[in-house]
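Novice: Provided below are the primary sequence and the corresponding predicted coordinates.
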Amino acid sequence: MTPRVVVIGAGAFGGWTALELRRRGAQVTLLDAWGPGNARASSGGETRVIRATYGTRAIYTRMAIRAIELWRAHDARWQRGFYRPSGAIWMFGADDSFGRASVASLRAANMPIEELTPAEAAMRFPQITFDDTIQSVLWEPIAGYLYARRACEHVVERFIAEGGVYRQAAVPAPFAVAGGPVRRIVTDAGDTIEADHFVFACGPWLGRLFPDVIGTRVKATRQEVYYFGTPPGDARFNDPQMPVWVDYRERLMYGIPGNANRGFKVADDSTGPELDPTTATREATASGIEAARAFLTVRFPALANAPLLGSEVCQYEASPDSHFIVDRHSGASNVWIAGGGSGHGFKMGPAFGEMLAQYVLGTLTPDPQFALSRLVAAPAGGWEAKWS
Ligand SMILES: Cc1cc2nc3c(=O)[nH]c(=O)nc-3n(C[C@H](O)[C@H](O)[C@H](O)COP(=O)(O)OP(=O)(O)OC[C@H]3O[C@@H](n4cnc5c(N)ncnc54)[C@H](O)[C@@H]3O)c2cc1C
């Protein structure tokens, strides 16, 4: 019997899961309210960082290493170059515990990671100011960035080419689970789709679809990203002369080198205020732009007066402990909930899809670290979308 699966949500998690289910022989229908990598989705940005540095969170180091293998394999197959291995330079202040733990776990996994003094780093990257606030530096050569929204679109194109069915349609929220297996869903257009398994990979919308088991436990927080213009003819801030960079001190600032002629990306990882992912206006704030420029003035002084070329306002879909959520609905064993990317999910897409496809088809046991039950016991507050 060919299992029939409906996947709702064609972002990084749902798109790859649908593709991997299809490749394992399932009959798969993928739905998305606004399309893969749309401008409201958490996966809808131009680019996302990929790195395997995860401090003590070994589960994500392993998953990121597998994801890098799969991004490389798909780039070789699709010839699209979604994975850009620019490397990443990590800058730490007095507390470099995240860096030290990452070095240990990367070395244990036989992955390259280099420890530099700030002086050595300054020789390598003279366009960055390594002042005395930076006390240690790491160079992660396999890190880089991904073309995010374009990869989401392409994954759905490949999914269709490999025999999947895609429909642009929404499943109305909330999604009622009456107890016992779900047999069908009805879209907002009134179409009924029957299946054996249902995967809800709806990112920041999961709480409103499942107010009972998710509710406010996944928070959509407003995150701004800025693109600054580099001087004409000056390639020092572009890939390949500039890598991904992370300034990991009291506040975590990070960015992606100029690429695809879009400018030099700067972002603040601090958790922003909550937003409604459907109705939010996505316009950057003057205070956010000013703070990004103040940061550039110190760390990248040649860009102090760089013009702002554009911005993105996206959202983290933050779980209380910033761990992913991948589990069955407690009221229906054939309904899967997948999300809680918490500011670090995009890179994992291919590895996540491979994992969840096997969970759904019953060929792999779900990892308890992603279980919904932990959220019930989660302390109030403490929502933090961290890199650690
Ligand atoms: C500014 C920013 C920077 C980030 N940086 C990084 C990074 O550098 N590296 C990294 O790995 N990750 C990063 N992330 C996190 C990463 O982008 C997300 O964790 C990941 O994209 C989440 O994917 P998703 O598929 O769970 O959600 P989404 O991409 O939001 O996909 C959910 C999809 O579900 C659809 N949907 C929702 N409700 C319904 C419904 N009822 N019916 C039908 N369809 C529905 C939506 O239209 C959407 O397309 C960042 C996120 C942001 C916002």
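Specialist: Perfect, thanks for sending it.
Novice: Now do residue 100 against residue 142, distance only.
Specialist: Per C-beta to C-beta, to the nearest Å, residue 100 is found 19 Å from residue 142. Where C-beta positions appear, they are placed from N, C-alpha and C, glycine not excepted.
Novice: what about those two, which has more around it?
Specialist: In this view residue 100 and residue 142 are compared by other C-beta atoms under 10 Å, and residue 142 has more residues nearby, 20 against 15.
Novice: Tell me the secondary structure at that one.
Specialist: Judged by DSSP: H, G, I helix; E, B strand; the rest coil, the three-state class of residue 142 is coil.
Novice: what residues are up against the closest residue to it other than its chain neighbours?
Specialist: Leaving out its chain neighbours, the residue that sits closest to residue 142 by C-beta to C-beta, 6 or more residues apart in numbering is residue 68, at 5.9 Å. Neighbour list for residue 68: 50, 52, 83, 142 [criterion: C-beta atoms under 8 Å, 6 or more residues apart in numbering].
Novice: Just the helices from this protein, written as ranges.
Specialist: Secondary structure of the chain (DSSP state H): helices at 12-23, 58-78, 97-108, 118-124, 148-161, 206-209, 286-299, 349-361, 373-376.
Novice: And those helices: which comes nearest residue 186?
Specialist: Of all the helices of the chain, the one in closest proximity to residue 186, counting by C-beta to C-beta, is helix 206-209 (13.6 Å).
Novice: who touches the closest one?
Specialist: Contacts of helix 206-209 (C-beta under 8 Å, 6+ apart): 171, 173-175, 200, 202, 214-220, 317, 325, 337, 339-340.
Novice: Return a ChimeraX selection command for the buried portion of those residues.
Specialist: Selection of buried members from these for ChimeraX, criterion 16 or more other C-beta atoms under 10 Å:
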select :171,173,175,200,202,214,217,218,219,220,317,325,337,339,340
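Novice: Against the ligand, how distant is the residue of the chain positioned farthest from its centre?
Specialist: Residue farthest from the centre of the chain, counting by C-alpha atoms, centre = their mean, is residue 1 at 34.2 Å. Noted for residue 1: a distance of 27 Å to the ligand, by C-beta to the nearest ligand atom, to the nearest Å.
Novice: residues contacting that residue?
Specialist: By C-beta under 8 Å, 6+ apart, no residues touch residue 1.
Novice: Tell me the pLDDT of it.
Specialist: At residue 1, the predicted lDDT confidence score is 90.
Novice: can you check residue 385 too?
Specialist: So, for residue 385, pLDDT stands at 43.
Novice: just to revisit the earlier point, point out the most buried one among the helices of the chain.
Specialist: Neighbour counts (mean count of other C-beta atoms under 10 Å) averaged over each of the helices of the chain peak at helix 12-23, with a mean of 29.
Novice: Apart from its chain neighbours, what residue comes closest to residue 183?
Specialist: residue 194 (6.1 Å).
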